[in-house]
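Engineer: Below are the sequence and a predicted model for it; my questions follow.
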Amino acid sequence: MKTTRNRYSAKFKARVALEAIRGEKTLSQLGSQFQVHPVQIANWRKAALEQLQEHFVDGRTRKARDGDFDAEALYEQIGRLKMELEWLKKKAGLLE
């Protein structure tokens, strides 16, 4: 007998995580109420709390940090692709 995994929507996960964050009921009670294992609820609560902090970060500083990282990664990729192109040209006999 093969069982399929349950796939929960983001809305459902958020609702359960919010209930867990409120702390009015224990994880076991929430697990019984929503038919989800208490460990899974704890994981959703932890993920929600970690991601919640990102929503209150100043957008101006976050964009600057992300832009620097992206530019560095792109320059690295450009360099790699240039070297690859030169190697291919050399192998094909186009570069002398």
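Structural biologist: Thanks, I have it. Treat the numbers as computed from the prediction; the structure is a model and nothing was measured. Numbers count the residues shown, from 1 in each chain.
Engineer: Let me know the pLDDT of T4.
Structural biologist: You'll see T4 listed with a pLDDT of 87.
Engineer: Next: G79.
Structural biologist: So G79 comes in at 95 (pLDDT).
Engineer: and it, which of the three is it?
Structural biologist: Three-state assignment for G79 (DSSP: H, G, I helix; E, B strand; the rest coil): helix.
Engineer: burial measure for it, as a count.
Structural biologist: Residues near G79, counting by other Cβ atoms under 10 Å, number 10. Every residue, glycine included, has its C-beta placed from N, CA and C.
Engineer: ok, now A42?
Structural biologist: 15.
Engineer: pretty sure it is in contact with L27, am I right?
Structural biologist: Yes: A42 lies in contact with L27 (Cβ atoms under 8 Å); the separation is 5.9 Å.
Engineer: Overlap in contacts, these two.
Structural biologist: A20 (Cβ atoms under 8 Å, 6 or more residues apart in numbering).
Engineer: Now do the phi/psi pair for K82.
Structural biologist: When quoted as degrees, to the nearest 10, the phi and psi of K82 stand at phi -60, psi -40.
Engineer: Could you measure from it over to F34?
Structural biologist: For K82, the distance to F34 equals 54 Å [Cβ to Cβ, to the nearest Å].
Engineer: domains of this protein?
Structural biologist: Following the assignment in automatic domain parsing, the chain carries domains at 8-56, 58-96.
Engineer: Turn those into a markdown table, columns for distance to K2.
Structural biologist: Shown next, in a markdown table, are these (distance: least, Cβ to Cβ, whole Å):
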| stretch | distance to K2 |
| --- | --- |
| domain 8-56 | 19 |
| domain 58-96 | 41 |
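Engineer: Which residue of K82 and F34 possesses the greater neighbour count?
Structural biologist: Applying other Cβ under 10 Å to K82 and F34 shows that F34 carries more neighbours, namely 17 against 10.
Engineer: Just the element for E76, please.
Structural biologist: Assigned by DSSP states H and E, E76 belongs to helix 59-92.
Engineer: on that earlier part again, comparing the domains of the chain by mean pLDDT, which bottoms out?
Structural biologist: Of all those, mean pLDDT reaches its minimum on domain 58-96 (a mean of 78).
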